[in-house]
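test case, fold it:
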Amino acid sequence: MANSLTADLRTATTWSILLSVLMIATGVLAIGLPMIAGVAVTAIVGWLLLFSGLFHLAFAWRAGRPGAVLWQILLGCVYGAIGVYVIASPVAGLESLTLAIALYLFIEAVLEFVLWSRLRSVPGRGWLMVDGLVTLMLAVMIWSTWPSSAVWVVGTLIGISMVFSGITRLMLSMAARRILA
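Sure, this is the predicted structure:
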């Protein structure tokens, strides 16, 4: 039984290592071709919005009160319309998504500054200020170059995330493999 478990774990770690390398390679590809990666992510977001809109419409009747039913129907129509627009026009959707990322980063930076100011006596709070400054610089960089930044922002950020996730998974898989040896 122990040999069977060890063999199963070895197979699982082998697959995990393979998928990690594939994730890293895909992340590098996304960084190298950020416009294509950005349009692909935007299309996925568009489909998710469309399905979310359909679910709001399908389950509106479960809202109970007439006002809540109407609200769910309106929300479903808005989600669906935005989803259809993004799917039909992914480059314009990519520009909107890039602008949303810049806004998100700006809000995150402001919240980091607020947290930094509230934690006056906590050691290491300076890292919150550093995080806030870097996040604010990213937001300003994206915002100031928008809409031309839409060509690279989403694909590059997704690619970087995939590379780091792949590296993390690879290191964990290799550590598990060493434990098995």
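
can you tell me the closest non-neighbouring residue to residue 85?
Nearest residue to residue 85 in three dimensions, chain neighbours excluded: residue 93, at 6.9 Å (CB to CB, 6 or more residues apart in numbering). Any C-beta I mention is one placed from the backbone N, CA and C, and that applies to glycine too.

which helices and strands sit right next to the helix or strand hosting that neighbour?
Here residue 93, judged by DSSP states H and E, is contained in helix 90-118. If you count contacts as 3 or more CB pairs under 8 Å, 6 or more residues apart in numbering; DSSP states H and E, helix 90-118 packs onto helix 34-58, helix 66-88, helix 126-144, helix 153-180.

same list (those) but as a markdown table, adding mean neighbour count and distance to residue 16.
Output for the helices and strands packed on helix 90-118, formatted as a markdown table (neighbours: other CB atoms under 10 Å; distance: least, CB to CB, whole Å):
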| stretch | mean neighbour count | distance to residue 16 |
| --- | --- | --- |
| helix 34-58 | 18 | 23 |
| helix 66-88 | 15 | 33 |
| helix 126-144 | 15 | 31 |
| helix 153-180 | 16 | 4 |
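
redo these as a markdown table? Include distance to residue 120 and mean pLDDT.
Below are the helices and strands packed on helix 90-118 laid out as a markdown table (distance: least, CB to CB, whole Å; pLDDT from 0 to 100):
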| stretch | distance to residue 120 | mean pLDDT |
| --- | --- | --- |
| helix 34-58 | 39 | 91 |
| helix 66-88 | 41 | 90 |
| helix 126-144 | 11 | 85 |
| helix 153-180 | 32 | 83 |
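
just to revisit the earlier point, local confidence estimate at the residue nearest to residue 85?
The model reports residue 93 with a pLDDT of 85.

can you pull the contacts of the one residue sitting closest to the centre of the chain?
For the chain, the residue nearest the mean C-alpha position is residue 158 (6.8 Å; CA atoms, centre = their mean). With contacts taken as CB atoms under 8 Å, 6 or more residues apart in numbering, residue 158 has the following neighbours: 27, 30, 37-38, 41.

biggest helix in the protein, by residue count?
Counting by DSSP state H, the longest helix found in the chain is helix 2-32.

now for the helices and strands packed on helix 90-118, which one comes closest to residue 3?
When the helices and strands packed on helix 90-118 are compared by CB to CB, helix 153-180 sits nearest residue 3, at 11.5 Å.

that closest one vs helix 2-32, what angle?
Angle of helix 153-180 versus helix 2-32, following axes from the mean of the first three to the mean of the last three CA atoms, to 10 degrees, is 160 degrees.
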